[in-house]
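Q: got a sequence here, can you build the structure:
(2 chains)
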Amino acid sequence: MAITGRAVALVALGIVVVVLSPAPGATFVLVNLLVVALICVDVWLAGQVRACTFARSGPTAARLGQPVPLVLTVANNGTRTVRARIRDGWPPSAGARPRVHRVTVPAGERRFLETTLNPTRRGDRMPVRITVRSLGPLGLAGRQGRHHCPWRVRVLPPFSSRRHLPAALARLREVEGEVAIRGGGAGSEFDSLREYVVGDDVRTIDWRATARHHGSVVVRTFRPERDRRVICVLDTGRTSAGRVGDVPRLDHALDAALLLTAVALRAGDRVGLVAHDSTSRISLPTSRDNGLLARMSDAMATLEPALVEADHAGMASAVLRNASRRALVVIFTELVPAVIEDGLLPALPTLTSRHTVLVAALRDPRLDELTAGHGDVHQVYAAAAAEQTLLRRRELTEALRRRGVEVVDVAPAHYAALVTDTYLTLKARGRL
Amino acid sequence: MTAPPTDRPRPATPASGPFGTPAGPRPGAGVGRGGGGSTHVRSGPRPPAVRRAVRLGAVLGALVIAYAVITAVVSRPAGHGYLDITSADGYGTRAVAEILRARGVTVTAGEQVPTAAPAPGPAGASAGRTVVVTNPDLLSQAELDALVTSTRAGSDVVLVAPDPSVVVALGLPVTTGQPGVGDYGDESPPGCTLPEAGAAGSTTVGDSVTFARTNGQDSQDSQNGQGTPGGRSGATRVELCYGDPGAARLAVLTPTRSDVGSGPTGRLVLLGGGGFLTNERLDETGNAALALGLLARTPRLEWVTPVVAAEDAVGTKGLSELLPDGFWFGSLQLLLVLVFLALWQGRRLGPPIEEPLPVVVRSTETVEGRGRLYAAAHARERAAAALRAGLRARLADRLGIDTAAAGSPWHTRGPDPTVLVASVAEQTGRSPMEIGPLLYGSDMAPTGYSEPPWPAHQGPPASWASPIPPSPVDIQAARTRRDAEGDVALVRLARALHELDRQVGRR
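A: Predicted coordinates for the structure are as follows:
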């Protein structure tokens, strides 16, 4: 049961009546008995909450930033009209609007309520409960009850680096030699034979084929290897919780991994995904089908940073399990001494012995801002601390490069693009 | 109000310019927040919001005071009150006063009951006076007693619409009551043997209080054997006129003591209301005749209108007595409204929904924290080394100089010094002798010239040479000054490095 503001207003009106009445005591009792009686009658006449049934429909997944229109169907199976205020309870990060629906459902009919979600975070969003307050005909009071109608909306990573996709694909075509440029496609995989034209590398002349082919010189053409393997490794340990700009490092990494996957799939490579902190969180085997990107987004949606130190040895063995053949292992992690020196470097030999390793680290632009500070003493000390951090990163980068690891250390604006670019460069060089 | 200045940026040390000489010990200048410097902060000007609030409060206060003064001046009673003998309004009583004056009665108005009873002159009517009190409940017990005593001396006392409290205080043998709802100001016959009433006939006297004899008084002319005013024993004759004996509108009490004398005794007249005396109603029926009969018995008339209640006025009522019943039930209803309001607002439409939030921290928090630690510890050498090493690495990158092989700690590693210095000097056009110490120096001085740890014009602190060991306060002060100057030098170095960075072409 619940009363409304109208009942309160009625009681407040009683103040005037009581004060002006010649017999205030009796009026007081009378007025309030009347109000209580009216409230009781109103509650008695209100439509039954229990007789309602609810159903939902709408999308179950959406990228972050897209609104999700959902429809909640309320059916009144009772004998009285339900004049209800209905709250469809979603967690705050679902951004459900409107918060409360006002609807009148005559007996035996249905009504459709539109709730639009504007999620503010990745992950699964589930409604908690539906609260129904059915008011009586006077609008003084009503009955209140709840219903449960499960649903799940999976909010996928925004994949905002999609805008880099055309440029990356253009570079990919260039690498594959589909675009007529001097030098043709690079790579080491034999593609076809064709006649020599001026400018071809004389080393590519196939003398045996030239001998068979009367009158003209024949060269071999090569193309980048296809059907190579790329494994994205996400470090979801404590360093991935750091916020760079407005977004955690992990989300930047997801974005870059999605772009890399999209390009690699177009390039005909197989892509797998490993997310690891102290335990394995996600392990998608390498695959080449078109549904991989969607599966990957889906798996990434619920990934959250864990406040634990990442276990790089475990990560390496997860990668080795996932990739039986030679692969490009892209490790999305952070260049801090505790992670690299204590975790990654000892685990690296097992990876570099069989695979090509690319460490993709995100550099916080705030560090560069800090190094430029020279306004007062505190800024200078902060600049010194930032310089020291950058020097340590540089040192770690060198240590990794000495072990034959490719390193990307770049600001968020170019992160995804540069990771993909590095992949394409490696592919062009035939290092996959 | 002194809190905000602590968070304001402190007066910046570099105010004297990057190459200015620090002029003597400046307290607080450049001292790190965590250092041993003075924590005293000057109480700065109030923030604008506070100032605005203070100004608004002052304006409002001035308005309230002005309003109070103006109303006090304007609303002073100016002779237009109810039963005022100077007022010609409908509610004034100037008419009756003029008639009485025309009859030779001296009418005087006052706000105080005449304290000294008139000397009992020669027994006769000329010695008496009549005192009319329009608001008897504002009088104190003593004043009322004096009035009653004066009746024994031959004065007439007329109390207009006395409160029950007045009647009780005087110990009169009458009780008061409320007239019936429809009886306000209607005409009624005398119904008693009082000569004045008989002469006046029907009047509209009395409209707010009625009188009845106390128990045991069944006859108009009975002797009152109970306590009389002031505790003096005596007998009082009570005459009730106009209306039933149980609800009379006029009561005349006459002491019947033997020692009063032979002359006409004074009497105590209780009027049920003063409405019939007003200018508006004096000409109705027998009102004027009754008024003259009651007020013109003596040559002098004192018209007393108490304005301010005496400190111990018998009619003093608490706030609760003054408020009507409706107020109390109204308050109860208001309480009920609050209860309903609480019930309305307290019933929410479903509980708040919890949400597990992921942990997110700012990525550079540790870096900035380390910067603050350096500042607190005045780690100038380390900071300078880091700034130089960072700039060396950046310049080497920019100029395409290969960094030397690693293996050594971060602050000693980097490109070949001679190559770097030469390249930078070539790029900027500055002397290698200048660039070298700037990039590879080991002290704060940006140009290789090392300053003494104390200001040059002061010389070493006297306490250093003093045979007397320096007091801890002196050591603290010296350390604070040295820290401050070291920080100034560090800022100067940082600016010089920044300038070099800019010259080589910062991207």
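Q: can you map out the helices along the stretch 301-432 of chain A?
A: For the stretch 301-432 of chain A, the helices identified by DSSP state H, counting those that start in this stretch occupy A:312-322, A:337-339, A:345-352, A:365-371, A:377-402, A:412-428, in order along the chain.
Q: so which of those helices is nearest chain B?
A: Among those, the nearest to chain B by C-beta to the nearest C-beta is helix A:377-402 (3.1 Å). For the C-beta atoms, the positions are set from N, CA and C on the backbone; glycine is no exception.
Q: report the inter-axis angle for that closest one versus helix A:345-352.
A: Computed by axes from the mean of the first three to the mean of the last three C-alpha atoms, to 10 degrees, the angle separating helix A:377-402 from helix A:345-352 equals 40 degrees.
Q: centre of the chain to helix A:377-402, how far?
A: For helix A:377-402, the gap between its own C-alpha mean and the chain's C-alpha mean amounts to 30 Å (C-alpha atoms, centre = their mean, to the nearest Å).
Q: so does it get close to chain B?
A: Yes: Helix A:377-402 reaches chain B (C-beta under 8 Å from any C-beta of the partner chain) through A:377-378, A:380-392, A:394-395, A:398-399, A:402.
Q: which of those residues are buried?
A: Those of those that meet the buried threshold are A:377-378, A:380-392, A:394-395, A:399, by 16 or more other C-beta atoms under 10 Å in any protein chain shown.
Q: the helix or strand of chain A with the lowest mean pLDDT pairs with which strands, parallel or anti?
A: For chain A, the helix or strand with the lowest mean confidence is strand A:189-195, at a mean of 76 (criterion: mean pLDDT, DSSP states H and E). Sheet pairing here is set by DSSP bridges, and for strand A:189-195 it gives strand A:218-223 (antiparallel).
Q: average model confidence for the partner strand?
A: Averaging the model's pLDDT scores along strand A:218-223 yields 78.
Q: can you pull out the low-pLDDT segments for the stretch 251-400 of chain B?
A: Segments of the stretch 251-400 of chain B classed as low confidence (criterion: pLDDT under 70) are B:257-264, B:309-317.
Q: what is the burial count for residue 211?
A: Just so you know, I chose chain A. By the criterion of other C-beta atoms under 10 Å in any protein chain shown, A:A211 has 9 neighbours.
Q: meant chain B, my bad for not saying
A: What B:F211 shows, counting by other C-beta under 10 Å, is a neighbour count of 29.
Q: any idea how far it is from B:G177?
A: Taking C-beta to C-beta, to the nearest Å as the measure, B:F211 falls 7 Å from B:G177.
Q: shared neighbours of those two, anything?
A: When contacts are counted by C-beta atoms under 8 Å, 6 or more residues apart in numbering or on different chains, B:F211 and B:G177 are jointly contacted by B:A247.
Q: grab the nearest non-local neighbour of A:C232.
A: Nearest in space to A:C232, with sequence neighbours left out and distances taken as C-beta to C-beta, 6 or more residues apart in numbering or on different chains, is A:A257 at 4.3 Å.
Q: mind listing what's buried along the helix or strand encompassing that neighbour?
A: Secondary-structure element containing A:A257, defined by DSSP states H and E: helix A:249-266. Neighbour-count burial for helix A:249-266, counted by 16+ other C-beta under 10 Å, picks out A:249-265.
Q: tell me the first helix or strand C-terminal of it.
A: On the C-terminal side of helix A:249-266, the nearest following helix or strand under DSSP H and E is strand A:270-276.
Q: can you name every helix or strand that that following strand contacts?
A: Helices and strands touching strand A:270-276, as assessed by 3 or more C-beta pairs under 8 Å, 6 or more residues apart in numbering or on different chains; DSSP states H and E, comprise strand A:229-235, helix A:249-266, strand A:280-287, helix A:292-301, helix A:312-322.
Q: mind giving me the packing neighbours of the longest one?
A: Here helix A:249-266 is seen to pack against helix A:165-176, strand A:229-235, strand A:242-244, strand A:270-276, helix A:292-301, strand A:328-333, strand A:356-362, helix A:412-428 when contacts are counted using 3+ C-beta pairs under 8 Å, 6+ apart.
Q: the last one vs strand A:356-362, what angle?
A: In this structure, helix A:412-428 runs at an angle of 170 degrees to strand A:356-362, with the same axes, to 10 degrees as the basis.
Q: show me what counts as buried in helix A:412-428.
A: Neighbour-count burial for helix A:412-428, counted by 16+ other C-beta under 10 Å, picks out A:412, A:415-424, A:426-428.
Q: and that helix, C-alpha only, in PDB?
A: The C-alpha coordinates for helix A:412-428 follow below in PDB (Å, rounded to 0.1, in the frame of the first residue of the first chain):
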ATOM      1  CA  PRO A 412      45.900   6.600 -27.200                       C
ATOM      2  CA  ALA A 413      45.100   8.700 -30.300                       C
ATOM      3  CA  HIS A 414      47.400   6.500 -32.400                       C
ATOM      4  CA  TYR A 415      47.400   3.300 -30.400                       C
ATOM      5  CA  ALA A 416      45.000   1.100 -32.400                       C
ATOM      6  CA  ALA A 417      46.300   2.400 -35.700                       C
ATOM      7  CA  LEU A 418      49.900   1.900 -34.800                       C
ATOM      8  CA  VAL A 419      49.400  -1.600 -33.500                       C
ATOM      9  CA  THR A 420      47.700  -2.600 -36.800                       C
ATOM     10  CA  ASP A 421      50.300  -0.800 -38.800                       C
ATOM     11  CA  THR A 422      53.100  -2.700 -37.000                       C
ATOM     12  CA  TYR A 423      51.200  -5.900 -37.800                       C
ATOM     13  CA  LEU A 424      51.000  -4.900 -41.500                       C
ATOM     14  CA  THR A 425      54.700  -4.000 -41.500                       C
ATOM     15  CA  LEU A 426      55.600  -7.400 -40.000                       C
ATOM     16  CA  LYS A 427      53.400  -9.100 -42.500                       C
ATOM     17  CA  ALA A 428      55.000  -7.200 -45.400                       C
END
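Q: contacts for that helix, please.
A: Surrounding helix A:412-428, the residues in contact under the criterion C-beta under 8 Å, 6+ apart are A:161, A:164, A:167-168, A:171-172, A:175, A:186-187, A:224-225, A:228, A:230, A:244-245, A:247, A:252, A:255-256, A:258-260, A:263-264, A:267, A:269, A:328, A:330, A:356, A:358, A:360, A:362, A:365, A:406, A:408, A:410, A:432.
Q: give the buried subset of these as a ChimeraX selection command.
A: Those of the contacts of helix A:412-428 that count as buried under 16+ other C-beta under 10 Å are selected in ChimeraX with:
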select /A:161,164,168,171,172,175,186,187,224,225,228,230,244,247,252,255,256,258,259,260,263,264,267,269,328,330,356,358,360,362,406,408,410,432
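Q: returning to that earlier point: give me the angle between the least confident helix or strand of chain A and helix A:165-176.
A: Our comparison of strand A:189-195 with helix A:165-176, counting by the same axes, to 10 degrees, yields an angle of 60 degrees.
Q: from the chain's centre, how far out does strand A:189-195 sit?
A: On the basis of C-alpha atoms, centre = their mean, strand A:189-195 is displaced by 42 Å from the centre of the chain it belongs to.
Q: dump whatever helix or strand comes next after it to CSV, keeping only the CA atoms.
A: Elements were assigned by DSSP H and E; along the chain past strand A:189-195, the next helix or strand is helix A:207-212. What follows is helix A:207-212, C-alpha atoms only, in CSV (Å, rounded to 0.1, in the frame of the first residue of the first chain):
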residue,chain,number,x,y,z
TRP,A,207,65.3,-19.0,-65.2
ARG,A,208,63.8,-22.4,-65.5
ALA,A,209,60.4,-21.0,-66.5
THR,A,210,62.2,-18.5,-68.8
ALA,A,211,63.9,-21.4,-70.5
ARG,A,212,60.5,-23.1,-71.0
